[in-house]
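S.K.: What follows is a protein structure lacking sequence information:
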């Protein structure tokens, strides 16, 4: 009986080992492998890295944990501001005046702001620098007011846009990101709950991907280490970045040129980072490196971020997987119209797939949203391509030949049915 029980216990333990999923190394473990020696208490609540081009997930650790994005909320405001400019509603030179409301927000305690003076006038260009580098909440409200005059209408737009982008676990209460109770009387009227904006690392990777792909000019703002606005005027201010991973910053990482950090006593330290090396742009999100009152936590966030980027760039590359031109696949010949580049994990062997006029490179991988797919290029049957190319290359002569043939055919028909007409013409 004892022997049977022992065998049963062994089988049970073995089966649990086989069905228990094997997780990737945690962010802190990756950082410590690279010599940072961080305490496990700095492990983020959620982390993800994706390829900006196709949304391929390159690393993830609890990416769907719900957490306050804090000032990373300003990235959604940024996205909507650039969409509005793209639609022609205003431009970078549009001016906004610091009224009583914006001045009042700038004076709220416990919020990141700059020193606005009532009645001062700022361009959208200046406000973008202040919002992104200084993380100013008042500058954020000034920008959002250009998109929607009513704050509640703007937050409605934030939430509907999050739904459109498949940010399934995101909900906003205000445009800037502080805990809603800290906005006091400036809370949007239809969003009065004293709650934090909420999101996930996955959702912010989706947002970051849309920003860098749709509005790459944003990076001209987010890559700045230091910014001075209103130079030579009473309103002159200089701000330094909080993104310590920016190239040239204290913990600068090669190729990093954005996007936005966030921090609060409820969120700890968050960051959304983008950078590019060897042709591959990534978007990385880290949420919840705690806690806000622990001074090393702010910089440990970026040490972790840098270590993960090292790990990702060592495992993945963006490379050519198929040359354009004539290609034999099984018993069929195709013409590939462009070189195919894709994000490939080193040591992985994939296979080429030809379907519905699209050629792609397939291997086992995951994407950040359901509509993200691997890269593809168009192809067609090689014989059909040859016929089309011959027609394109000799189009003029083909038209001339056809025209002459038609004319000759008409003349022959006339000669056949009315030979006397040609005889008379000859005699004349």
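M.R.: Received the coordinates, thanks. Being a predicted model, the structure only gives us computed values, none of them experimental.
S.K.: quick one: residue 238 is in a strand?
M.R.: Yes - counting by DSSP: H, G, I helix; E, B strand; the rest coil, residue 238 is part of a strand.
S.K.: contacting residues for it?
M.R.: By Cβ atoms under 8 Å, 6 or more residues apart in numbering, residue 238 lies in contact with 226-228. All C-beta atoms are positioned from the backbone trio N, CA, C, and that covers glycine.
S.K.: Which of the residues you listed has the largest number of neighbours?
M.R.: residue 227 (18 neighbours; other Cβ atoms under 10 Å).
S.K.: Against which helices or strands is the one helix or strand that one maps to packed?
M.R.: Element membership of residue 227 [criterion: DSSP states H and E] is strand 226-229. In terms of contacts (3 or more Cβ pairs under 8 Å, 6 or more residues apart in numbering; DSSP states H and E), strand 226-229 is packed against helix 124-133, strand 237-240.
S.K.: sorry, back to before: need the contacts of residue 238 in a markdown table with distance to residue 270 and pLDDT, can you?
M.R.: Compiled in a markdown table, these are given as follows (distance: Cβ to Cβ, whole Å; pLDDT from 0 to 100):
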| residue | distance to residue 270 | pLDDT |
| --- | --- | --- |
| 226 | 22 | 96 |
| 227 | 21 | 96 |
| 228 | 26 | 97 |
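S.K.: Relative to the whole chain's centre, how far out is the strand or helix carrying residue 50?
M.R.: Using DSSP H and E, residue 50 sits in strand 46-51. Here strand 46-51 is found 11 Å from its chain centre; the criterion is Cα atoms, centre = their mean, to the nearest Å.
S.K.: residues near residue 322, how many?
M.R.: With other Cβ under 10 Å as criterion, residue 322 counts 20.
S.K.: To clarify, my last question referred to residue 251.
M.R.: Neighbours around residue 251, by other Cβ under 10 Å: 16.
S.K.: Now do the contacts for it.
M.R.: 244-245, 299, 302-303, 306.
S.K.: Kindly report the same for residue 275.
M.R.: Contacts of residue 275 (Cβ under 8 Å, 6+ apart): 245, 247, 253-258, 281-282, 284, 309.
S.K.: pLDDT wise, what is it at?
M.R.: On pLDDT, residue 275 comes in at 97.
S.K.: Verify the assumption that residue 259 is located in a strand.
M.R.: Yes - in this structure, residue 259 lies within a strand as judged by three-state DSSP.
S.K.: Does it touch residue 210 like I think?
M.R.: No - using Cβ atoms under 8 Å as the test, residue 259 is too far from residue 210 to be in contact (11.3 Å).
S.K.: That'll do, ta.
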